[in-house]
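In: Next comes the sequence, and after it the predicted model I'd like to discuss.
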Amino acid sequence: MRVLVAISGGVDSSVAAARLVAEGHDVVGATLKLWGGPQSSGCCSVADVDDARRVAQQLGIAHHVFNLTEDFERDVVGPYVAAHAEGRTPNPCIECNRRIKFDVLLARARRLGFDRLATGHHARVRARPGGFSLRRGADPLKDQSYVLSMLGQSQLAAVVLPVGDMTKDQVRAEARRLGLRTAAKPDSQDVCFVHDAEGRGGFLSSRLELHGAEVVCDESGRRLGAVDAVELVTVGQRRGLPAAGERRYAVDVDVTARRVTVAPASRAFVDELTVQPGTLTWVGRRLEDGAEALAQLSAHGRPARCTLGSSDAPGVGRLTVRFASPERPVAPGQTVALYDPEDPDEVLGGGIVASSRRLAPAPR
């Protein structure tokens, strides 16, 4: 089988490539050049490209660098900036998976005659009658099924995840056994196009105008203070906001009105969220109204029991997720991944949060 492996320069993708070579496949490595600006870490820095090239040499496989900077700017960076300008909080790594790795790169792999595309993600693809399932990785601390929850059957049929059955310790042990230069390399944790020295605020200020905003109480409208940039405030945020003696969370970010509304914990909880139309993907079959699921709102968040339904809000076809128990504030722009309550390792689908509904009051 001919397999194109996305080698990022990290240990996971290095071991993924090594396992496929050991299995006897015809393997070629590809590293993506996605960002041409300054960066302090990430998956396409000069050092990472060099590490990927050296790993390919160690494994005796061909290695290519694909320049996808225009695609990345258009489909990831541009929407990231636009979302902040509208008061939403996007997840650029998920969009990179959706738009770049499992769209542009997968299409290129198919055009070049490869049978499969492999990555170093910690998740598992399993064949089942009539298709494929997506499951959590074997290592719960490194599971990346959340960031792959947008994958459908056509992608899963072409994707191989060789380290999904391994723990991170096993991956590093395998890399040490093989003498791979990435064996002890730390994991990348940051957004690749945001430099540590400038941070998110510095990056966004170079792309859009930031505006100060007042901070008001939700119960009275009383002004508590101000923030320097409304575009940098996230729903659910607590730090950096005036609290007037009581811990408060941002519950609404209105960029147009230059206003951030905050509420104490007792009024910040939500019982329902709505998924943005056009962003919902079902791994297999679409679930009907009233179906139960587990909703996960961050990469390593606690799955929450919920019931799925259709929204009566404007926008026909919107999915609602109604929580069995109140949940902390959910930022528009974030992803909700849905799992099977009877088999919590299995991903059902995912989509981008459009809005959420607050309880008043909610339990502390």
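Out: Happy to help now that I have it. Because the structure is a prediction, the values reported are computed rather than measured. Numbering: from 1, shown residues only.
In: all contacts plus neighbour counts: C-alpha atoms, from now on.
Out: Will do.
In: what's the residue nearest to residue 269 when sequence neighbours are not counted in contact with, if anything?
Out: Nearest residue to residue 269 in three dimensions, chain neighbours excluded: residue 328, at 4.7 Å (C-alpha to C-alpha, 6 or more residues apart in numbering). Shown in contact with residue 328 (C-alpha atoms under 8 Å, 6 or more residues apart in numbering): 236, 268-270.
In: one more time with 7 Å
Out: 268-270 (C-alpha atoms under 7 Å, 6 or more residues apart in numbering).
In: cool, and residue 84?
Out: Taking C-alpha under 7 Å, 6+ apart, we find residue 84 in contact with 231-232.
In: Could you look up the SS state of it?
Out: Assigned with DSSP: H, G, I helix; E, B strand; the rest coil, residue 84 falls in the helix class.
In: just for this structure, where's the confidence low?
Out: 37-44, 189, 311-317, 360-364 (pLDDT under 70).
In: if you set the cut-off to 80 instead, what comes out?
Out: 36-46, 189-190, 196, 219, 243-245, 311-318, 360-364 (pLDDT under 80).
In: Quick check: closest non-adjacent residue to the residue most central in space within it.
Out: Residue closest to the mean C-alpha point of the chain, counted by C-alpha atoms, centre = their mean, is residue 94 at 3.2 Å. In this structure, residue 94 finds its nearest non-sequential neighbour in residue 147, 5.2 Å apart by C-alpha to C-alpha, 6+ apart.
In: For the contacts of residue 328, pick the one with the most neighbours.
Out: residue 268 (29 neighbours; other C-alpha atoms under 10 Å).
In: And it, how close does it get to residue 249?
Out: Going from residue 268 to residue 249 by C-alpha to C-alpha, to the nearest Å gives 7 Å.
In: Okay, buried residues for stretch 219-231 please.
Out: With burial defined by 16 or more other C-alpha atoms under 10 Å, the residues of stretch 219-231 counted as buried are 223, 226-227, 229-231.
In: Does residue 21 belong to a helix, a strand or coil?
Out: Assigned by three-state DSSP, the conformation of residue 21 is helix.
In: same check, this time on residue 93
Out: helix.
In: Pairing partners for the closest residue in space to residue 322 that isn't next to it in sequence in the sheet, please.
Out: Counting by C-alpha to C-alpha, 6+ apart, residue 322 lies nearest to residue 272, which is 4.3 Å off, once chain neighbours are set aside. Here residue 272 shows beta-bridge partners residue 322, residue 357, assigned using DSSP bridges.
In: do residue 66 as well
Out: Taking DSSP bridges as the rule, residue 66 bridges to residue 32.
In: gap between it and residue 116?
Out: From residue 66 to residue 116 the distance is 17 Å (C-alpha to C-alpha).
In: Look at those two and report which has more neighbours.
Out: residue 116 (20 against 13).
In: sorry, back to before: the residue nearest to residue 94 contacts residue 95, doesn't it?
Out: No - using C-alpha atoms under 7 Å, residue 147 makes no contact with residue 95, being 8.8 Å away.
In: one step back: please tell me how far the residue nearest to residue 322 sits from residue 295.
Out: In terms of C-alpha to C-alpha, residue 272 sits 11 Å off from residue 295.
In: More neighbours: which of those two?
Out: Taking other C-alpha under 10 Å, residue 272 and residue 295 do not tie; residue 295 has more neighbours (28 against 22).
In: and the more buried one, what is it in contact with?
Out: 303-306, 336-339.
In: if you set the cut-off to 6 Å instead, what comes out?
Out: 303-304, 337-338 (C-alpha atoms under 6 Å, 6 or more residues apart in numbering).
In: and if you look at residue 16?
Out: Residue 16 neighbours (C-alpha under 6 Å, 6+ apart): 120, 162-163.
In: before we move on, the earlier item: residue 35: which of the contacts of residue 295 is nearest?
Out: Checking the contacts of residue 295 against residue 35 by C-alpha to C-alpha gives residue 337 as the nearest, at 27.1 Å.
In: Skip the chain neighbours and tell me the closest residue to that closest one.
Out: That would be residue 350: by C-alpha to C-alpha, 6+ apart, it lies 4.2 Å from residue 337.
In: tell me the strands in the stretch 151-300 of the chain, going along the chain?
Out: Remark: strands assigned in the stretch 151-300 of the chain by DSSP state E, counting those that start in this stretch are 159-160, 213-217, 223-227, 248-254, 259-264, 270-275, 281-282, 292-296.
In: I appreciate the help and will end here.
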